[in-house]
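Participant: Here is a sequence together with a model predicted from it:
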Amino acid sequence: MAKFVSCKETCVFPKVWDHHVGSLIYNSPVLTAFPLLSLLIDAKSRQLVTGCANGQLWIFSLVEGHHYRCVTRVSLKKKSESFSRRVESRLCSLPEESQRPCTHGLEKGEEVEASLPILGLAPCDLSAIVSAPCVWGLSSETTSCLWIGSSAGLFIFNLANFELEAVLHYRDFRSLSIHVAGSCAVMSKANDDKAICLLTSLFGRKIVMLEIRVAALVRSQQGHDAGRHLSVLPRTCVGPTSPLCFTTAKESKTPPAPQRQSAGRSTVKDQPLVFHTKVRSSGYASAPHITMFSPKANTRKRGDHSSRRRDGPRCKEYPLESSPPTKLYKQRVLAHGPAAAHCVQYSAGDGQWLACGLANHLLLVFRADLSGTPTVFSGHDGAVSTVCWSHDSRWLLSASQDGTLRLWSLRRAELALCVGKDVFSKPVRSAQFYYVDTFVLLSSGPELQLLKYHIDTCKDEIQRYKQKSRCKRVFRLPTTGRTEITSLSAVNDFYSYLVLTAGRNRTLEVFDLNAGRSAAMTVEVHSRPVHQICQNKGSSFTTQQHEAYNLFATTASGDGIKLWDLRTLRCERRFEGHPNHGYPCGIAFSPCGRYVASGAEDRHAYMYDLGSSTFSHRLAGHKDTVTSVAFSPAAPQRACPETQEEASFGRDFSVLLREGRLPIGNHYWAQCLLSMNWCWTLSEVVYTY
């Protein structure tokens, strides 16, 4: 189907036509009160871009099935101001001999224009300049950029991350006779470093033609190899002075050498005397012992082992080409009362368990298919804000708003270690296992702390009340500027030295714990503080390309989701479409690394493909805000019988948590949904008190 878009000078909404038939396909609603001045269809990204007189850029999706939905709206003035601040911060971080004056800042006496009208749009090829990871459609060949001509300058805009790549202000050219343009036209060829710009003056009868070297313009305003030496996969050995080499005093002691005993001395010296023969009591006769009844007390244990044997296909490799979960399969009640669900996570090692942290101070552990009775862990005096599984799925770590950090034993269903709030100067915001369960990594205020722990597994029932497990802080590192850490993330499935942190001042900082210092930092990651960092960690059931493990995502309320490459600390793509303006909604990577799931405030869960900036699926039916999402790391292949009672999950499934924050009458909503591929049913869980 051949399509073209039309608009007129006084039009405030574009129209999409079928060229062959000559009929109207789509008529957009009114976008703005200002007239639309420019239009562009990008065939590579299949997007429609239109600019208006007040400096707003509207982007629509032309992908089949998206129904011409609006992907995002961008303010050119705000993007220009944010870009100038980033460029200035990069120049200040350079050595003194390589610093140069920034030509994009405002001089004294200069005023910023109230708006930057978008006079013209043209395609721009930056495939040879801008590098992108070649995973799941994230390559420089598929990244589209465009020229934006305005009255004050030229801008290179990236349609993947919705950020500016370069800015050229007319006022920077002192010899240029036109400083305020009335119209603008840009032409550039593919794989060509030159661009031709034609300007006309707004207040005079002048025409100027500019020749622009695109590569020189972009490279002069980008970062100088910031973060290019970083990688999640370690490239060097652990240094002798690294905090990761820490061992406790008990572990470092070598056992004494055994002394030889003489042959004449007994080897059972100082041993208690034990009678191994049965001593019969005196009596005329003993009554025969008859077993009247022998109950089978281990039926549940046998059932568990048989069910695990039936779950043999769990060990199969996770399919990389799997489709995203879109259908609801199962639903469970989390708590009988006004208890909101704050966090959820699958056991990373085997994917057989699901942990949920609630606002009623409880921690629940379900089976992965939500069957059976959950195990309840109680002891916190505040809402459980963070849960994390160990790599071997034996231990569960939880952090609460009461300021304590607790480590639980899944096998015994009891508390193994408790770190009180007297240890931390500030509340613990994030906590997780690190370095393949060697350490506990956490953030407390502006500090990143590393704890070495020891769990006593002795089964001495007499001295069970004694606390033999211990924990010791081995390393602490403050952030640059001592700003509060709002989120952190690190890989625990394999040995990695890097830790990602987000600060209250909207910065993103990378720490190298092998060197024990900050490795890189970028500013203005989002317009608001980041409330979650999510890395593409894969799972034990799948293997991705090694470049894919350097991808991570950040999200902030009201600013969408950004996908980053750790090697360059560059935003590669931005995901827009899910409403998230006030409440922090969680995100998660699929085990195959192709999709990103997100909660939203419109009672939907959104699925994004890494190759597109808009959502591919929207899961409807919730009654409140979807606050947390989690993918199962395993790839089960069990059949799905017809009856609902015997139905089991299919190939990709995820859990979506909806928090019951708002009471309606005497009812509170809380829901736990298990999504499956090819069926969708929905039922509502209402808690009454």
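Facilitator: Sure thing, it's come through.

Participant: and the residue nearest to Pro243 when sequence neighbours are not counted, what helix or strand is that in?
Facilitator: Take Pro243 and drop its neighbours on the chain: the residue closest to it by CB to CB, 6 or more residues apart in numbering is Phe475, 3.8 Å away. Using the backbone N, CA and C atoms, a C-beta is placed for each residue, glycine as well. Of the helices and strands defined by DSSP states H and E, Phe475 is found in strand 470-478.

Participant: tell me what that strand is packed against?
Facilitator: Under the contact criterion of 3 or more CB pairs under 8 Å, 6 or more residues apart in numbering; DSSP states H and E, strand 470-478 touches strand 414-419, strand 447-454.

Participant: Could you pull up the contacting residues of the residue lying closest to Ser496 once chain neighbours are set aside?
Facilitator: Distances taken as CB to CB, 6+ apart put Val232 closest to Ser496, at 5.2 Å, once the chain neighbours are dropped. By CB atoms under 8 Å, 6 or more residues apart in numbering, the residues touching Val232 are Val491, Ser496, Leu498, Gln535, Tyr549, Asn550, Leu566.

Participant: Confirm for me that the third one is in contact with Leu566.
Facilitator: Yes. The pair formed by Leu498 and Leu566 meets the contact definition of CB atoms under 8 Å, at 7.2 Å.

Participant: and Thr236, what does it touch?
Facilitator: Asn514.

Participant: just checking, Arg86 touches Val525?
Facilitator: No. If you go by CB under 8 Å, Arg86 and Val525 don't touch, sitting 10.1 Å apart.

Participant: higher neighbour count, those two?
Facilitator: Neighbours were tallied for Arg86 and for Val525 using other CB atoms under 10 Å; the higher tally belongs to Val525 (24 against 18).

Participant: out of everything not next to it in sequence, what's closest to that one?
Facilitator: Leu508 (4.5 Å).

Participant: How many residues are close by that neighbour?
Facilitator: 25.

Participant: got it, and Lys78?
Facilitator: 11.

Participant: remind me which residues of the stretch 151-300 of the chain are low pLDDT?
Facilitator: 223-228, 246-300 (pLDDT under 70).

Participant: hey, where'd the strands end up in it?
Facilitator: 153-158, 164-169, 181-188, 194-201, 207-213 (DSSP state E, counting those that start in this stretch).

Participant: Looking at these, spot the one closest to His617.
Facilitator: For His617, the closest of the strands of the stretch 151-300 of the chain is strand 153-158, at 24.9 Å, according to CB to CB.

Participant: So in that sheet, which strands flank that closest one, and in what orientation?
Facilitator: If you go by DSSP bridges, strand 153-158 pairs up with strand 145-150 (antiparallel), strand 164-169 (antiparallel).

Participant: quick one: it to strand 181-188, angle?
Facilitator: Inter-element angle recorded for strand 153-158 and strand 181-188: 40 degrees (by axes from the mean of the first three to the mean of the last three CA atoms, to 10 degrees).

Participant: re the thing from before, mean neighbour count, the strands of the stretch 151-300 of the chain: which tops it?
Facilitator: Comparing the strands of the stretch 151-300 of the chain by mean neighbour count (mean count of other CB atoms under 10 Å), strand 153-158 ranks first with a mean of 23.

Participant: Centre of the chain to it, how far?
Facilitator: 29 Å (CA atoms, centre = their mean, to the nearest Å).

Participant: That strand vs strand 207-213, what angle?
Facilitator: Using the same axes, to 10 degrees: strand 153-158 against strand 207-213 is 40 degrees.

Participant: Okay, Thr236 and Pro374: tell me how far apart.
Facilitator: For Thr236, the distance to Pro374 equals 44 Å [CB to CB, to the nearest Å].

Participant: again, but for Lys78
Facilitator: 47 Å.

Participant: Equivalent analysis for Pro591, please.
Facilitator: 23 Å.

Participant: So these two - more neighbours on which side?
Facilitator: Taking other CB under 10 Å, Pro591 and Pro374 do not tie; Pro591 has more neighbours (28 against 19).

Participant: and the strands paired with strand 153-158 as TSV, adding distance to Val387?
Facilitator: Converted to TSV, the strands paired with strand 153-158 look like this (distance: least, CB to CB, whole Å):
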stretch	distance to Val387
strand 145-150	41
strand 164-169	39
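
Participant: Can you report phi and psi for the residue lying closest to Gly503 once chain neighbours are set aside?
Facilitator: The shortest distance from Gly503 to any non-neighbouring residue, by CB to CB, 6+ apart, is to Thr483 (4.0 Å). Main-chain dihedrals, Thr483, degrees, to the nearest 10: phi -90, psi 150.

Participant: what's the neighbour count on Thr483?
Facilitator: For Thr483, using other CB under 10 Å, the count is 19.

Participant: and it, what does it touch?
Facilitator: Pro446, Gly503, Arg504, Asn505, Thr507.

Participant: For these, pick the one with the most neighbours.
Facilitator: Gly503 (23 neighbours).

Participant: contacting residues for it?
Facilitator: Thr479, Gly481, Thr483, Glu484, Ile485, Thr486, Glu509, Pro529.

Participant: ok so, going back, what about the residue nearest to Val525, distance to Leu551?
Facilitator: When Leu508 is compared with Leu551 (using CB to CB), they lie 14 Å apart.

Participant: which residues do the two both contact?
Facilitator: In contact with both Leu508 and Leu551: Trp564, using CB under 8 Å, 6+ apart.
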